[in-house]
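K.L.:
Kindly generate the corresponding structure for this input.
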Amino acid sequence: MSNEPHTPTEHALWEDALAFLLGTALCAVGVQFLTHVELITGQTAGLGVLLAYQTELTFGLWFFLLNLPFYVLGLIQMGLRFTLKSFIAVGMVSAMSELFPNVFVIAELNIIFGALLAGAMIGIGLIVLFRHGASLGGVGVLALFLQERVGIQAGWVQLGFDAALFAVAFALLDWKIAALSLLGAFVVNVIVGVNHRKDRYIGR
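P.N.:
Prediction:
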């Protein structure tokens, strides 16, 4: 048996297409669970959900609009390929979030189970997208940009954004809703942290 390191190969177009369908669908369904029990999540998606609760615009529209400024940073920091894939992924999540309420209805969902299940689905969806060279844009791109240009660690930027977002959520929403939203966001971060590690999985 050879001990030579495995050289990763590029995904085929059809593999990327299937991954994008799966990853974005999981994220969009996760958002449906969140909004059904009136929770939010972290990062740009969480801001989009919170704004949708406070305005008459839908999450899908807010999510698409909020991501637009970050594509410039994506081009600078991550290149055209990553930025284009992320633009497509964000567009698909936004479109699915608008479509899904018309094709399935959630009759009943326990709020704690909804928080956990939504967090798990969004986390897994993100991992699928990450493995195929895409993201859902937003604060993650800003964090990478600031890390490269200013030296601030990306994780601290994302943590700071989420801290501010949930501070606003605790001010605007019932504290139990905000606390359970924080639980769901924690599940997302645990799944990404465990499964998106260069020393274990990336590039293997």
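
K.L.:
all helices for the chain, in order.
P.N.:
13-36, 43-54, 59-67, 70-77, 80-99, 111-131, 139-149, 154-172, 175-195 (DSSP state H).

K.L.:
Could you list the buried residues of the shortest one?
P.N.:
Within helix 70-77, the residues scored as buried using 16 or more other CB atoms under 10 Å are Phe70, Tyr71, Leu73, Gly74, Gln77. Quick note: C-beta positions are derived from backbone N, CA and C, even for glycine.

K.L.:
Any chance of the backbone angles for Thr58?
P.N.:
For Thr58, the backbone dihedrals (degrees, to the nearest 10) come out as phi -80, psi 160.

K.L.:
ditto for Val150
P.N.:
Residue torsions, per degrees, to the nearest 10, at Val150 are phi -110, psi -20.

K.L.:
Could you shift the numbering so residue one becomes 33, and keep it that way?
P.N.:
Sure thing, new numbering starts at 33, so read that last one as Val182.

K.L.:
what about it, distance to Val189?
P.N.:
To Val189, Val182 is 9 Å away according to CB to CB, to the nearest Å.

K.L.:
Then Phe177?
P.N.:
Where Val189 is concerned, Phe177 sits at a distance of 9 Å (CB to CB).

K.L.:
can I assume Val173 is in contact with Leu105?
P.N.:
Yes - the criterion here is CB atoms under 8 Å, and Val173 meets it with Leu105 at 5.1 Å.
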